[in-house]
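[1] take this sequence and fold it.
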Amino acid sequence: MSTTNGQRTRIDKVVTSGTFSLDGGTWEVDNNVWVVGDDSECVLIDAAHDIEPIVEAIAGRRVRGILLTHAHDDHIGVACELAGDLGAHTYLHPEDRELWDRTHPGVGPDSDLADGDLFTIGDVTLEVLHTPGHSPGSCSFHSPDLGVVFTGDTLFRGGPGATGRSFSDFPTIVDSITDRLLTLPPETVVHTGHGDDTTIGDESPHRQAWVDRGH
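    Residues are numbered from 1 along each chain as shown. The predicted model follows:
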């Protein structure tokens, strides 16, 4: 899939399949990997499971960075190998370092993400939004130019991401969605870490139900 919003920069979606493991359990999952760029350069959002289809979507472009929404193993499993193959830096919020170390012990991410960081790629900019709750260092990436936000596992079609395992907290994720995501324009398309897209406008009316669920 490839989408644009009038810019040279486009968004390509790659779906890879593998497993997610945490707290002694393992589950089969399909992950969305997003490639954002123009014909010459791009960034990756997440690095899940299978290198080959990701490299095919890159299509020989220079990779300016691998931006990680969070450090669950299904989102970072091939991050180090991809970074080495492509000569790209990995970027992760430091509050997810403990999770990262469970998958890549002894090899840290190249650079930290911080709330408000900006990444310019092609003719658009991605802003880092720290959106903890699914994990302490979960981040979303907002592009006003493209009218999209990449939310990882923070917000899905139908509501917040899972918070029933270690390192997660339901009230925190609802606060993150409320304060950082639902304040975006309602037409903003939400590109998620798994499954189908949604929009901010489609999810906003359900906020109170999420709050009530947490009590």
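[2] from here on, just use CA atoms for contacts and neighbour counts.
    Will do.
[3] pretty sure residue 16 is touching residue 34, no?
    No. With contact defined as C-alpha atoms under 8 Å, residue 16 does not reach residue 34; the gap is 10.9 Å.
[4] of the two, give the one with the bigger neighbour count.
    Per other C-alpha atoms under 10 Å, whichever of residue 16 and residue 34 has more neighbours is residue 34, with 26 against 20.
[5] in the one helix or strand the more buried one maps to, what's buried?
    Taking DSSP states H and E as the definition, one finds residue 34 inside strand 25-37. Within strand 25-37, the residues scored as buried using 16 or more other C-alpha atoms under 10 Å are 30, 31, 32, 33, 34, 35, 36, 37.
[6] so what touches it?
    For strand 25-37, the external contacting residues (C-alpha atoms under 8 Å, 6 or more residues apart in numbering) are 9-21, 42-48, 54, 57-58, 74-75, 121-122, 192-195.
[7] so which elements touch the next helix-or-strand element following that strand?
    Toward the C-terminus, strand 25-37 is succeeded by strand 41-45 as the next helix or strand (DSSP H and E). Counting contacts by 3 or more C-alpha pairs under 8 Å, 6 or more residues apart in numbering; DSSP states H and E, strand 41-45 is packed against strand 25-37, strand 62-67, strand 118-121.
[8] could you give the angle of the helix or strand following strand 41-45 to strand 25-37?
    Sequence-wise, the next helix or strand downstream of strand 41-45 (DSSP H and E) is helix 51-58. Compare the direction of helix 51-58 with that of strand 25-37 by axes from the mean of the first three to the mean of the last three C-alpha atoms, to 10 degrees and you get 20 degrees.
[9] and helix 51-58, average pLDDT?
    Average pLDDT, helix 51-58: 97.
[10] circling back to that earlier point, which of the contacts of strand 25-37 are buried, as a PyMOL select command?
    In PyMOL, a selection of the buried entries from the contacts of strand 25-37 looks like this (16+ other C-alpha under 10 Å):
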select buried, resi 9+10+11+12+13+14+15+16+19+20+42+43+44+45+46+47+48+54+57+58+74+75+121+122+192+193+194
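[11] returning to what we had before: turn the helices and strands packed on strand 41-45 into a markdown table, columns for mean pLDDT.
    Listed next are those as a markdown table, based on pLDDT from 0 to 100:
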| stretch | mean pLDDT |
| --- | --- |
| strand 25-37 | 98 |
| strand 62-67 | 97 |
| strand 118-121 | 96 |
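[12] quick one: closest of those strands to residue 188.
    Closest to residue 188 of those is strand 25-37 (C-alpha to C-alpha; 16.1 Å).
[13] that closest one pairs with which strands, parallel or anti?
    strand 10-22 (antiparallel), strand 41-45 (antiparallel) (DSSP bridges).
[14] show me where the protein has helices.
    51-58, 73-76, 79-86, 97-103, 170-176, 200-203, 207-213 (DSSP state H).
[15] tell me which of the ones you listed is the most buried.
    helix 73-76 (a mean of 24; mean count of other C-alpha atoms under 10 Å).
[16] report all helices and strands that that helix contacts.
    Looks like helix 73-76 contacts strand 10-22, strand 25-37, helix 97-103 (3+ C-alpha pairs under 8 Å, 6+ apart).
[17] redo these as a markdown table? Include distance to residue 185.
    Formatted as a markdown table, those follow (distance: least, C-alpha to C-alpha, whole Å):
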| stretch | distance to residue 185 |
| --- | --- |
| strand 10-22 | 19 |
| strand 25-37 | 20 |
| helix 97-103 | 31 |
